[in-house]
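**Student:** predicted model, plus sequence, below.
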Amino acid sequence: MVVLKTEFDRPPKVKGDVAAYGAPIEVLPGAWTAYIWLDASRDQVRTARLRYSLDGGATFKEQVREEYPYEFNIPVGDAKEVGFEISGRDWECNEFRTVGWQTIQPAM
């Protein structure tokens, strides 16, 4: 399994580091799931929003987490990759966003 780690361009102004990770989960060849999570405590993040695309950016979907843990599961089906970004707010209403658009692909 390959795990992608990304940083934030405006990290929450809280004590400790926050990072986002993503990994493909493929039990059998074919359909797979993208598992994306925020390495943050409930004291660091108030809301996390995942914006993602399964078709290269032609359409987008969102998932929101307002409670810890900040984890997202995306059933991908037969798409070749998942593109995503995570944004959110800390408890002082400071906004943060991942640095750039990230992609996850299953192992070939």
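**Tutor:** That came through fine.

**Student:** which stretches of this protein form helices?
**Tutor:** For the chain, helices defined by DSSP state H do not occur.

**Student:** and the gap between the residue nearest the centre of the chain and Lys61?
**Tutor:** Central residue of the chain (C-alpha atoms, centre = their mean): Ile36, 4.3 Å from the mean position. Distance from Ile36 to Lys61, counting by C-beta to C-beta, to the nearest Å: 13 Å. Every residue, glycine included, has its C-beta placed from N, CA and C.

**Student:** any idea how many residues pack against Ser87?
**Tutor:** 16 (other C-beta atoms under 10 Å).

**Student:** that one is in contact with Val99, isn't it?
**Tutor:** No - counting by C-beta atoms under 8 Å, Val99 is not a contact partner of Ser87; they are 11.4 Å apart.

**Student:** list residues touching both of Ile36 and Lys61?
**Tutor:** Tyr52 (C-beta atoms under 8 Å, 6 or more residues apart in numbering).

**Student:** identify all contacting residues around stretch 44-59.
**Tutor:** The contact list for stretch 44-59 (C-beta under 8 Å, 6+ apart) reads 12, 14-16, 18, 34, 36, 38, 40, 60-66, 68, 70, 72, 74, 76-77, 79, 81-91, 93.

**Student:** just the CA coordinates of it, formatted as PDB?
**Tutor:** C-alpha atoms of stretch 44-59 as PDB (Å, rounded to 0.1, in the frame of the first residue of the first chain):
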ATOM      1  CA  GLN A  44      -7.000  21.000  16.600                       C
ATOM      2  CA  VAL A  45      -9.800  20.900  14.000                       C
ATOM      3  CA  ARG A  46     -13.500  21.800  14.300                       C
ATOM      4  CA  THR A  47     -14.600  20.900  10.700                       C
ATOM      5  CA  ALA A  48     -12.900  19.100   7.800                       C
ATOM      6  CA  ARG A  49     -14.300  19.100   4.300                       C
ATOM      7  CA  LEU A  50     -13.100  16.700   1.600                       C
ATOM      8  CA  ARG A  51     -13.700  17.700  -2.000                       C
ATOM      9  CA  TYR A  52     -12.900  15.000  -4.500                       C
ATOM     10  CA  SER A  53     -13.300  13.900  -8.100                       C
ATOM     11  CA  LEU A  54     -13.400  10.500  -9.700                       C
ATOM     12  CA  ASP A  55     -13.300  11.700 -13.300                       C
ATOM     13  CA  GLY A  56     -10.300  14.000 -13.600                       C
ATOM     14  CA  GLY A  57     -12.100  17.100 -12.300                       C
ATOM     15  CA  ALA A  58     -15.200  17.100 -14.600                       C
ATOM     16  CA  THR A  59     -17.400  16.700 -11.500                       C
END
